[in-house]
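# Please find the sequence and the predicted model below.
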Amino acid sequence: MIHHSVTLNHSPTMLLIDTATEQGSVCLTHDGHLVSSEWSGALKHVESVLQHIKDLLSEGRVNMADIEVIAFSQGPGSFTGLRAGCGVTQGLALAYDIPVIPVPTLLMLAQQMDYPSVTVLLDARMGQVYGARYQRQGLLWQETLPAGLYEPQSLPQELVDSSVLVGSGADIYQAQLTAVQDKRLPPMVSGIQPHARWLMNYALNEFQQGRTLCADQAIPVYVRDKVALTTLERQQP
């Protein structure tokens, strides 16, 4: 289903793609408007993202040649999902000579919050979480602790020393997190999920600053050691 959203000021024609988790989404900004579309199912990301992009372009009466930049969620996240999103981004960018902007997946979650600082925990499966810490700077966020892979019961204090804790990792492992007595945990906000619309602020700033990449640099950031865990990960969405 296509959703019409906010009216934007001075926005380029951008395609925003998120396939980092089970829930996928794409957005199109054009002529001062943002439209979005979502689906569910990590194993269908490649076929879904292409069809939803086609639908958005048709709805907005936009051609791929009109797209000025493609922003995508680069990870960490689902191995299958990240490969799909980066593959589609790279293919379209190469075919139409469009620059790309990679956006950290965890940043999308921080972007939804109105707090001075945010700790983001994303479920990494296998009893682990991806975690990062962000500090607000105006409408943007400064990464103060880069994404890492952690055991929920062994988070460093510097990671959780923030105003609020969000993400699927916090939702799923809440019992393990709160059971650790030697950690000072911030309040948790549940139900915060990635969505392509939250790529926009970061991508717009990067685009305006001229910080774009070539298509072949649309590569995922896995964080987890792929050599040791690729086989196991591929068995999970």
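That came through fine.
# Report the buried residues of the longest helix belonging to the chain.
Taking DSSP state H as the criterion, the chain has its longest helix at helix 79-96. For helix 79-96, burial by neighbour count (16 or more other Cβ atoms under 10 Å) applies to 79-90, 92-93. The C-beta positions use only the backbone N, C-alpha and C, and glycine is treated the same way.
# Now do the same contact list for the residue nearest the centre of the chain.
Residue closest to the mean C-alpha point of the chain, counted by Cα atoms, centre = their mean, is residue 105 at 2.9 Å. If a contact means Cβ atoms under 8 Å, 6 or more residues apart in numbering, then residue 105 has 18, 20-21, 73-77, 122, 130, 194 as its contacts.
# List the ones among these that fall in strands.
Counting by DSSP state E, those place 18, 73-75, 122, 130 in strands.
# Would you mind identifying the next helix or strand past the longest strand anywhere in the chain?
In terms of residue count, the longest strand belonging to the chain (DSSP E) is strand 140-150. Using DSSP states H and E, the helix or strand that directly follows strand 140-150 along the chain is helix 157-160.
# now the helix or strand that that following helix is followed by, how far from the chain's geometric center?
Scanning forward in sequence from helix 157-160 by DSSP H and E, the next helix or strand is strand 164-166. Centre-to-centre, strand 164-166 and its host chain are 16 Å apart (Cα atoms, centre = their mean, to the nearest Å).
# go on, stretch 143-156?
Relative to its parent chain, stretch 143-156 has a centroid offset of 17 Å by Cα atoms, centre = their mean.
# try stretch 130-139
13 Å.
# Dump that stretch to PDB, keeping only the CA atoms.
Extracted in PDB, the C-alpha atoms of stretch 130-139 (Å, rounded to 0.1, in the frame of the first residue of the first chain):
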ATOM      1  CA  TYR A 130      23.700  -4.700  17.500                       C
ATOM      2  CA  GLY A 131      24.200  -1.600  19.600                       C
ATOM      3  CA  ALA A 132      25.200   2.000  19.000                       C
ATOM      4  CA  ARG A 133      24.900   5.300  20.800                       C
ATOM      5  CA  TYR A 134      23.900   8.700  19.300                       C
ATOM      6  CA  GLN A 135      23.900  12.300  20.500                       C
ATOM      7  CA  ARG A 136      21.500  14.800  19.000                       C
ATOM      8  CA  GLN A 137      22.900  17.800  17.100                       C
ATOM      9  CA  GLY A 138      19.900  19.900  15.800                       C
ATOM     10  CA  LEU A 139      17.900  17.800  13.400                       C
END
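# contacts for it?
Under Cβ under 8 Å, 6+ apart, the answer for stretch 130-139 is 76-77, 104-107, 110, 115-122, 124, 141-150, 155, 158-159, 161-162, 169, 201, 223-224.
# and if you look at stretch 97-104?
Taking Cβ under 8 Å, 6+ apart as the rule, stretch 97-104 contacts 64, 67-75, 89-90, 92-93, 132, 143, 147, 199, 202-203, 206-207, 211-215, 217-219, 221.
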